[in-house]
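Asker: Next input, structure requested:
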Amino acid sequence: MNEPLILVVEDEPQMRRFLRASLTGHGFRLVEAGTVKEGEVAAATHNPELILLDLGLPDGDGIDLVRRLREWAKMPILVLSARGREADKVEALDAGADDYLTKPFGMQELLARIRVARRHAQGAGAPSDPVVHLGALTIDHGRRVVSKNGVELHLTPIEYRLLSYLAQHAGRVLTHRQILQEVWGPPYAGQTHYLRVYMAQLRRKVEDDPARPRLLWTEPGVGYRLKLPDDLPPA
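Answerer: Coordinates of the predicted model:
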């Protein structure tokens, strides 16, 4: 019983069969639910390592379930939905989902997202880690120092807070609103131009080629993601 346990909240029998066959074949155990109510009960009863959640459920919206789970649960929630609009992605992520994958999707991409979510849950870049290594980049939270290939980078206080927040949630998509509220404060939640300016400045300092970033990725219309080392594209 050492295999990781995943809760699948999905009402379509065909999709559940696909996920069951694919994920059990890759060493996962599954618990299944077909409604919001069943999903909430299963999450509390089984305490899964990760939740795969459809949004269009027969007794309610999956986003409401995300909000309810986030009142007590910390396990990663990966949304699998046919809703591909940016607004839907932003709403799910702002509600507390860790990632969003639009149907149809490939199993290899889903497995990669699951790996990232599990690493994030295991504490990659958590504030309790005094020193975080992200490829050539090192963030020393205790000294508030960032270095690249051993050379200290001179970051402004906001640039440091921005990078530190992204690193604390490495691998996870963070929406513009989430980042602005955390780094600048709630009054700035709608000032996306601030974020664009500072992200451009930060990329110039930490990326080898700011025009082709490998570490600080844009999720168009949604927000940003700091890539974990194992998920960085080839140089």
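
Asker: for the chain, what spans make up the helices?
Answerer: 13-24, 36-46, 62-69, 86-95, 107-121, 157-168, 176-183, 192-206 (DSSP state H).

Asker: Please render those helices as JSON lines that adds distance to Gly221 and mean pLDDT to the earlier fields.
Answerer: Every C-beta, even on glycine, is put in place using the N, C-alpha and C of the backbone. As requested, those are exported to JSON lines (distance: least, Cβ to Cβ, whole Å; pLDDT from 0 to 100):
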{"stretch": "helix 13-24", "distance to Gly221": "25", "mean pLDDT": "95"}
{"stretch": "helix 36-46", "distance to Gly221": "27", "mean pLDDT": "94"}
{"stretch": "helix 62-69", "distance to Gly221": "17", "mean pLDDT": "93"}
{"stretch": "helix 86-95", "distance to Gly221": "4", "mean pLDDT": "89"}
{"stretch": "helix 107-121", "distance to Gly221": "18", "mean pLDDT": "86"}
{"stretch": "helix 157-168", "distance to Gly221": "18", "mean pLDDT": "90"}
{"stretch": "helix 176-183", "distance to Gly221": "9", "mean pLDDT": "91"}
{"stretch": "helix 192-206", "distance to Gly221": "10", "mean pLDDT": "92"}
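
Asker: isn't Val206 right next to Tyr160, touching?
Answerer: No - between Val206 and Tyr160 there is no contact under Cβ atoms under 8 Å: 11.2 Å.

Asker: ok so, going back, out of the helices of the chain, which gets nearest to Glu219?
Answerer: helix 86-95 (7.9 Å; Cβ to Cβ).

Asker: where's that closest one relative to the chain centroid, distance-wise?
Answerer: 12 Å (Cα atoms, centre = their mean, to the nearest Å).

Asker: Leu163 reaches Arg203, doesn't it?
Answerer: No - counting by Cβ under 8 Å, Leu163 does not reach Arg203; the two are 10.3 Å apart.

Asker: Any chance of JSON lines for the helices of the chain, columns mean neighbour count?
Answerer: Below are these laid out as JSON lines (neighbours: other Cβ atoms under 10 Å):
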{"stretch": "helix 13-24", "mean neighbour count": "14"}
{"stretch": "helix 36-46", "mean neighbour count": "17"}
{"stretch": "helix 62-69", "mean neighbour count": "21"}
{"stretch": "helix 86-95", "mean neighbour count": "19"}
{"stretch": "helix 107-121", "mean neighbour count": "17"}
{"stretch": "helix 157-168", "mean neighbour count": "20"}
{"stretch": "helix 176-183", "mean neighbour count": "20"}
{"stretch": "helix 192-206", "mean neighbour count": "16"}
